[in-house]
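Peer 1: Using only what follows, build the 3D model:
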Amino acid sequence: MQLTALDWSIFIGSLIFCVLVAAIYTRRASKGTAEFFASGRAMPWWLLGTSMVATTFSTDTPNLVTNLVRENGVANNWVWWAFLVGGMLTVFFYARLWRRSGVLTDLEFYEIRYAGKSAAAVRGFRAIYLGLFFNCVIMASVTLAAVKIGNIMFGWSRPTIVLWCSALAILLSVLSGLWGVVVTDLVQFIMAMTGAIAAAYYSVKQVGGLSSLVGQLDARTLSLLPDFGNWELAFSIFILPLAIQWWSVWYPGAEPGGGSYIAQRMLAARDERHAMGATLWFNVAHYALRPWPWILVALCSLIVYPTLGDIQKAFPHVSANLLGHDIAYPAMLKFLPAGFLGIMVASLAAAYFSTIETHLNWGASYLVHDFYRRFIRPGAGERHLVLVSRIVTALLMVVAGVFVFFLETAKGSFDLMLSIGAGTGLIYLLRWFWWRINAWSEIAAMISSFAVAVGLFVARRRGLQIPEHITLAASVAFTTLVWVTVTFLTRPTPRETLIRFYRLTRPFGPGWKTIREAAGVGPSPDSLPNCLLGWLLGCALVYSALFGTGCLLYGKTVQGLVGLAVFAASAAGLAWLLPKIFSRRDAGK
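Peer 2: From the prediction side, this is the model:
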């Protein structure tokens, strides 16, 4: 692909803009870690929610969706669509609890919920485990997608792309802190959506329009539900994700109960209203607004490039070790005209940097606030900690750049991260509502989940073929059995710690009955019926919008209008419910 002078101008101009924004917020970020990592807890819901969406809109996301569609059709997206159920649970059950906790990072939670050396140990361990290892795997996966896009569009080598991406990411992240990250996220999201829609429009035009696209593809490929005649496939991509995966697997951006950079955004909100509003907007935009432009490009790629051999023939310069179904998305960008190609390249760069900047800031917050400040230099001054944060940010990107050379496909990276977090999700849901869970429960869950994931990874490397859905179900069952057993074999958290935690966060439900009585502060201000109704309405809102839009694109007008009617009814229900939730004096400021 050849970029014109106009294309290059658009691309370079977008990069200059990002650098200028980062420079503007440099002084503010230098005030202290509360500004660098939590923006002074002063952000509005719309800015935080858009930042969450921009972070999960990365260069590897359209590649992953394309990979899924080309392998098993549109219905294969249920492996991530199912996470909406947990996302809406976070909106109505957990967002206000996180904001009430007042912690700077979600790992600080461990030492207000638990006590003693075990609480400190799990906080320190997860700071390294998530902030360094897990975080760098994610950033490497995102950078791998950038490598594939750069290789197919420009013919650049893997080392060249990694070097340039790393240098620019370090520059942007080191300067600005969370304020700069979130503000640039807003513009980068608009750019990314513009590019995605343009790619979809010209891809559909290339195959003769929507009616031609639908007519040339098998109905099973287009279907929003899997073929239940193929039980193994239906179980792996639909039943397992909806029945088990959403509540049992810890995955960044879709953590049961919230966590990582989602929790970071909730903790940076002005108050509980804004924390809840941010996560609601994120889930609507993430699952209803973004998928169809990617899906359309993926479907068109099946007509233009039916096999990987067709991609290789069209792009003979592409490295053999980068060839996979996920590379079909950047391959379709060749049909963009001058100007729009520049917008697309700029949008992909925006998607890349919005994700990487967040992960660098989030990872540094764990390593500096939850490890360095907590265990190495507890009395360090704010200026020193900000300097260390910037150094750690740069080092994280270096490590992620090295990891890039050990990954092969976006789908493979997705499966690896799911397996590492398998079985730990339930504990993150229950720890807010059941006093009996302790720090040893979490330690047992992490160790058992990681051990199983590593064991299966090694087994596959040695030639043992085990279906992903079987390994996921087995990992969840084993990890859950281990942590539940450990919970009852170890001592509970000291009563005085539990009382302090309840007074701070005031969770509802029978799981805190005895502690609630001892705390002497009365019942929780939250309403279980309202939270359940909000959860159901939120899921109906998003799924009806997603599937209604799909039906309209397929030319199924009646089904599409039914879906949009359900969307409108759900929206009306939420408009009635949200004021009731906030009127229960739980929109704390």
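Peer 1: Spit out the contact partners of the spatially most central residue of the chain.
Peer 2: The structure's the chain has its C-alpha centroid closest to residue 253; by C-alpha atoms, centre = their mean the separation is 2.4 Å. Residue 253 is in contact with 52, 55-56, 260-262, 286, counting by C-beta atoms under 8 Å, 6 or more residues apart in numbering. In short, each C-beta sits where N, CA and C put it, glycine included.
Peer 1: Pretty sure it sits in a strand.
Peer 2: No: secondary structure assignment (DSSP: H, G, I helix; E, B strand; the rest coil) places residue 253 in coil, not in a strand.
Peer 1: Wasn't residue 274 part of a strand?
Peer 2: No: the assignment for residue 274 (three-state DSSP) gives helix, which keeps it out of a strand.
Peer 1: That one touches residue 39, doesn't it?
Peer 2: No: Residue 274 is beyond contact range of residue 39, at 11.9 Å (criterion: C-beta atoms under 8 Å).
Peer 1: If residue 43 is in a bridge, with which residues?
Peer 2: residue 269 (DSSP bridges).
Peer 1: And the pLDDT for the residue nearest to the centre of the chain?
Peer 2: pLDDT, residue 253: 77.
Peer 1: Residue 285 now?
Peer 2: What the model reports as pLDDT for residue 285 is 94.
Peer 1: Repeat that for residue 588.
Peer 2: Residue 588 carries a pLDDT value of 42.
Peer 1: Kindly report the same for residue 29.
Peer 2: Looking at residue 29, its pLDDT stands at 71.
Peer 1: tell me which element residue 395 falls in.
Peer 2: helix 382-403 (DSSP states H and E).
Peer 1: Going by neighbour count, which residues of that helix are buried?
Peer 2: 385-386, 388-390, 392-397, 399-401, 403 (16 or more other C-beta atoms under 10 Å).
Peer 1: Also stretch 444-463?
Peer 2: 444-446, 448-450, 452-453, 456.
Peer 1: Which residues does that stretch contact?
Peer 2: So stretch 444-463 is contacted by 122, 125-126, 129, 416, 419-424, 427, 466, 471, 474-475, 478-479, 482-483, 485-487 (C-beta under 8 Å, 6+ apart).
Peer 1: Narrow those to those in helices?
Peer 2: Of these, the ones assigned to helices by DSSP state H are 122, 125-126, 416, 419-420, 427, 471, 474-475, 478-479, 482-483, 485-487.
Peer 1: Sketch out the low-pLDDT regions of the stretch 401-550 of the chain for me.
Peer 2: 407-421 (pLDDT under 70).
Peer 1: where do the helices sit along it?
Peer 2: With helices called from DSSP state H, counting those that start in this stretch, the stretch 401-550 of the chain shows them at 410-420, 425-430, 439-461, 468-489, 495-505, 513-519, 528-553.
Peer 1: who wins for proximity to residue 315 among these?
Peer 2: Among the helices of the stretch 401-550 of the chain, helix 410-420 comes nearest to residue 315, with 17.6 Å by C-beta to C-beta.
Peer 1: My reading is that residue 208 lies in a helix. Confirm?
Peer 2: No: judged by three-state DSSP, residue 208 forms no part of a helix; its state is coil.
Peer 1: quick one: residue 191 and residue 347 touch, right?
Peer 2: Yes: with contact defined as C-beta under 8 Å, residue 191 counts as touching residue 347 (4.6 Å).
Peer 1: which one of the buried residues of helix 382-403 sits closest to residue 566?
Peer 2: Relative to residue 566, the closest of the buried residues of helix 382-403 is residue 400; by C-beta to C-beta it sits at 41.6 Å.
Peer 1: list the contacts for that closest one?
Peer 2: Contacts for residue 400 (C-beta under 8 Å, 6+ apart) come out as 135-136, 139-140, 143, 166.
Peer 1: looking at these, which has the most residues close by?
Peer 2: Across those, neighbour numbers were computed from other C-beta atoms under 10 Å; residue 143 holds the maximum, 29 neighbours.
Peer 1: If any of the contacts of stretch 444-463 are buried, put those into a ChimeraX selection.
Peer 2: Selecting only the buried entries of the contacts of stretch 444-463 in ChimeraX, with 16+ other C-beta under 10 Å as the criterion:
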select :122,125,126,129,416,419,420,421,422,423,424,427,471,475,478,479,482,483,486,487
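Peer 1: helices and strands of this protein: which one bottoms out on pLDDT?
Peer 2: helix 410-420 (a mean of 60; mean pLDDT, DSSP states H and E).
Peer 1: What helices and strands are in contact with the strand or helix carrying residue 138?
Peer 2: Assigned by DSSP H and E, residue 138 falls within helix 135-154. Under the contact definition 3 or more C-beta pairs under 8 Å, 6 or more residues apart in numbering; DSSP states H and E, helix 135-154 sits against helix 60-72, helix 158-206, helix 328-332, helix 340-365, helix 382-403, helix 410-420.
Peer 1: so which of these comes closest to residue 221?
Peer 2: helix 60-72 (7.7 Å).
Peer 1: Pull out the buried residues from the closest one.
Peer 2: 60-70, 72.
Peer 1: Just the CA trace of that helix, in PDB.
Peer 2: Below are the C-alpha coordinates for helix 60-72, written out as PDB (Å, rounded to 0.1, in the frame of the first residue of the first chain):
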ATOM      1  CA  ASP A  60      -5.400  -6.000  18.100                       C
ATOM      2  CA  THR A  61      -9.200  -5.800  18.600                       C
ATOM      3  CA  PRO A  62     -10.300  -5.600  14.900                       C
ATOM      4  CA  ASN A  63      -7.700  -8.200  14.200                       C
ATOM      5  CA  LEU A  64      -9.100 -10.500  16.900                       C
ATOM      6  CA  VAL A  65     -12.700 -10.000  15.700                       C
ATOM      7  CA  THR A  66     -11.600 -10.700  12.100                       C
ATOM      8  CA  ASN A  67      -9.800 -13.900  13.300                       C
ATOM      9  CA  LEU A  68     -13.000 -15.000  15.100                       C
ATOM     10  CA  VAL A  69     -15.300 -14.300  12.200                       C
ATOM     11  CA  ARG A  70     -13.100 -16.000   9.600                       C
ATOM     12  CA  GLU A  71     -12.700 -19.100  11.700                       C
ATOM     13  CA  ASN A  72     -16.300 -19.800  12.900                       C
END
